[in-house]
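A.B. asks: model this:
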Amino acid sequence: MCIRDRLYKQGDYEGAYNKYQQAFDMDKNLEVAQLAVATMALRTERYREAIAAAEAMLEDEPTNQEAIRIRYNAALTLGDEQLLIDALVSLAEVEPETAVNGLWALAISAYDANDSERAKDRFSKVLTIDPNHARAHYYLGLLYVSDGVNDKAIAHLDRFIQLTPDDPEAPSANDLVKYLRENPS
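C.D. replies: Numbers count the residues shown, from 1 in each chain. Next up is the predicted model:
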């Protein structure tokens with residue numbers, strides 16, 4: 001067992017991080033060292049370094065599940081919304097439910113803060129992962145009504161009604177669609 005692995009097993013994540021970083025610095029193509037650097041950076045709360053190492057791995061292998069998860073976990077801990085959104089979008093390939101739930105929470109947060117542009121962007125990202133997410137269609141429809149973009153509002157509200165005809169909001173959404181069709185802007 002090499003010293004890096006021994007340090008890791010002993011719980012000396014700081015020492016292990018330094019040794020893995022040295023190994024990676026000596027050979028940038030050493031994927032196992034790059035993964036270890038990302039993992040140890042995450043464990044030692046070096047979140048930006050973890051993201052950088054994970055992103056370097058993703059440049060070579062965009063579907064590397066471990067790198068995707070490391071980047072997501074580091075971005076989540078940092079609380080940097082843009083990094084988190086990017087991480088959630090790529091996490092969708094590995095854990096679509098977690099990605100949708102995370103993006104949904106960020107979208108609702110933006111909606112509740114009356115930040116319609118960010119809310120629309122985030123609800124749209126939810127729909128890129130789950131095109132049948134009824135509530136994302138509903139909220140996008142409401143946002144487009146507020147913006148006066150009736151064709152998009154109708155499309156999203158219609159889709160919401162199609163997906164969840166028994167939802168308590170479906171009758172009011174149906175009434176709104178009817179009104180928008182009768183009163184085009």
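A.B. asks: in this protein, where is pLDDT below threshold?
C.D. replies: 1-33, 185 (pLDDT under 70).
A.B. asks: mind redoing it with 50?
C.D. replies: 1-4, 7, 26 (pLDDT under 50).
A.B. asks: which residues are in contact with the lengthiest helix in it?
C.D. replies: In the chain, with assignment by DSSP state H, the single longest helix is helix 96-112. Identification of contacts with helix 96-112 by Cβ atoms under 8 Å, 6 or more residues apart in numbering yields 72, 76, 81, 84-85, 88-89, 91-92, 116, 118-119, 122-123, 125-126, 129-130, 133, 135-136, 139, 143. Heads up, the C-betas are built off the backbone N, CA and C, glycines and all.
A.B. asks: out of these, which are buried?
C.D. replies: Neighbour-count burial (16 or more other Cβ atoms under 10 Å) applied to these gives 72, 76, 84-85, 88-89, 91-92, 118-119, 122-123, 125-126, 129-130, 133, 135-136, 139, 143.
A.B. asks: show me those residues that map onto helices.
C.D. replies: Per DSSP H, these map to helices at 72, 76, 84-85, 88-89, 91, 118-119, 122-123, 125-126, 129, 135-136, 139, 143.
A.B. asks: buried sites along the longest helix of the chain?
C.D. replies: Result for helix 96-112 [16+ other Cβ under 10 Å]: buried residues 99-100, 102-104, 106-108, 110-111.
A.B. asks: may I ask which two of those are separated the most?
C.D. replies: The widest separation within those, taken as Cβ to Cβ, falls between Ala99 and Tyr111 and amounts to 18.3 Å.
A.B. asks: assign a three-state SS to Glu45, would you?
C.D. replies: Here Glu45 is recorded as coil under DSSP: H, G, I helix; E, B strand; the rest coil.
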